[in-house]
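[1] pasting the structure only:
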């Protein structure tokens with residue numbers, strides 16, 4: 001299974017971009033032997049920025065056909081790291097080809113994106129800066145892979 005983080009907007013360097021890239025690279029390296037073929041970040045932009053309909057179209061374009069779509073949303077379910085790992089393993093084992101984590105723009109996402117998502121995941125009820133959300137989902141993907149590999153990175 002291929003994992004994709006599809007995010008509206010582009011990070012132009014800085015600590016968040018560095019951390020995101022580091023965690024995704026670690027997840028990709030550790031995940032290959034577990035059946036996770038790749039872990040990638042796809043940054044999309046809408047022209048003009050800030051239009052939720054254009055941002056939705058950009059997210060859809062970055063999403064492979066048949067992908068499991070997870071929207072990061074403050075009103076979503078709160079999964080533990082172990083639950084995320086279990087879901088990824090189940091989807092992989094069920095033959096899911098792609099799982100995409102959607103991160104909307106600063107003004108949120110359109111209703112169509114909410115409706116199209118297979119799952120909604122929250123990192124608590126707080127609102128997080130999108131730059132940090134990228135780091136957080138990248139780290140959680142890496143953590144999930146290490147849980148599945150039996151690596152002691154995660155401690156309950």
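    Yep, it's here. Just so you know, these numbers come straight off a predicted model, no measurement behind them.

[2] hey, where'd the strands end up in the protein?
    2-8, 38-44, 68-77, 98-103, 119-121 (DSSP state E).

[3] What is the distance between stretch 30-44 and the centre of its chain?
    Distance of stretch 30-44 from its chain centroid, counting by Cα atoms, centre = their mean, to the nearest Å, is 11 Å.

[4] so for that stretch, what's the average pLDDT?
    Here stretch 30-44 scores 97 as its mean pLDDT.

[5] how far does that stretch stretch from start to finish?
    The stretch stretch 30-44 measures 26 Å between its terminal residues, going by Cα to Cα, to the nearest Å.

[6] coming back round to it: with mean neighbour count and distance to residue 19 as added columns, please give the strands of the chain in CSV.
    No exception for glycine: its C-beta is placed from N, CA and C like everyone else's. As requested, those are exported to CSV (neighbours: other Cβ atoms under 10 Å; distance: least, Cβ to Cβ, whole Å):
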stretch, mean neighbour count, distance to residue 19
strand 2-8, 24, 13
strand 38-44, 18, 12
strand 68-77, 18, 16
strand 98-103, 24, 15
strand 119-121, 17, 19
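
[7] Nearest to residue 58 among those strands would be which one?
    Of all the strands of the chain, strand 38-44 sits nearest to residue 58, with 3.7 Å by Cβ to Cβ.

[8] that older thread, closest to residue 138 out of the strands of the chain?
    Evaluated over these, closeness to residue 138 peaks at strand 2-8, with 6.5 Å, by Cβ to Cβ.

[9] Parallel or antiparallel, list what pairs with the closest one.
    strand 38-44 (parallel), strand 98-103 (parallel) (DSSP bridges).
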